[in-house]
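*Asks:* Need a 3D model of the following:
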Amino acid sequence: MATAVKVSYEREERKRERRRDESQTFVSFRSYYLFESHFCTPGEAHEKGGVENGVGYSRRDMFVPIPRVKSYEELNQLLVKRCDKEKERNVRGKEKSIREMWEEEKNCLRPLPQREYDCAEIIETRVTPYSPRDV
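*Replies:* This next block holds a predicted model:
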């Protein structure tokens, strides 16, 4: 996510080293919600395969065949029913259902802060005919 992290490469002797510079806004955001950064390596698909497989599974399970609905409200109700059904499924290799594992895990989570964190960075600018296109 380029708005949160800038990746740069530096050469040190025969090694190419990757450096990530997190934006101050992102550092402030993760500090507010008390989590640590963990980034996948660009071009290393195996690092994010589990997430991508989960997205593919959900897409096939929830949207194939394509739901025929008359409104977003009807679609949302259909998806809630399908998600509730999914919670009762046991993941391969696990003895408990997704719902049972979630009930155990959520007790270990910290409560969210009272107020949401506004992580938008607003910059006032003035556009002229001479302004660069990428601003």
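
*Asks:* Can you show me the helices along this protein?
*Replies:* For the chain, helices defined by DSSP state H occupy the ranges 24-33, 49-63, 72-87, 98-106.

*Asks:* Show me what the longest one packs onto, helices and strands only.
*Replies:* Judged by 3 or more Cβ pairs under 8 Å, 6 or more residues apart in numbering; DSSP states H and E, helix 72-87 is in contact with helix 49-63, helix 98-106. Glycine gets a C-beta too; all of them are placed from N, C-alpha and C.

*Asks:* Repeat that for the second one.
*Replies:* Taking 3+ Cβ pairs under 8 Å, 6+ apart as the contact definition, the neighbouring helices and strands of helix 49-63 are helix 72-87.

*Asks:* what's the angle from the helix it packs on to helix 98-106?
*Replies:* 90 degrees (axes from the mean of the first three to the mean of the last three Cα atoms, to 10 degrees).

*Asks:* returning to what we had before: closest one to R82 among the helices and strands packed on helix 72-87?
*Replies:* When these are compared by Cβ to Cβ, helix 49-63 sits nearest R82, at 5.2 Å.

*Asks:* For the closest one, buried residues please.
*Replies:* By 16 or more other Cβ atoms under 10 Å, helix 49-63 has no buried positions at all.
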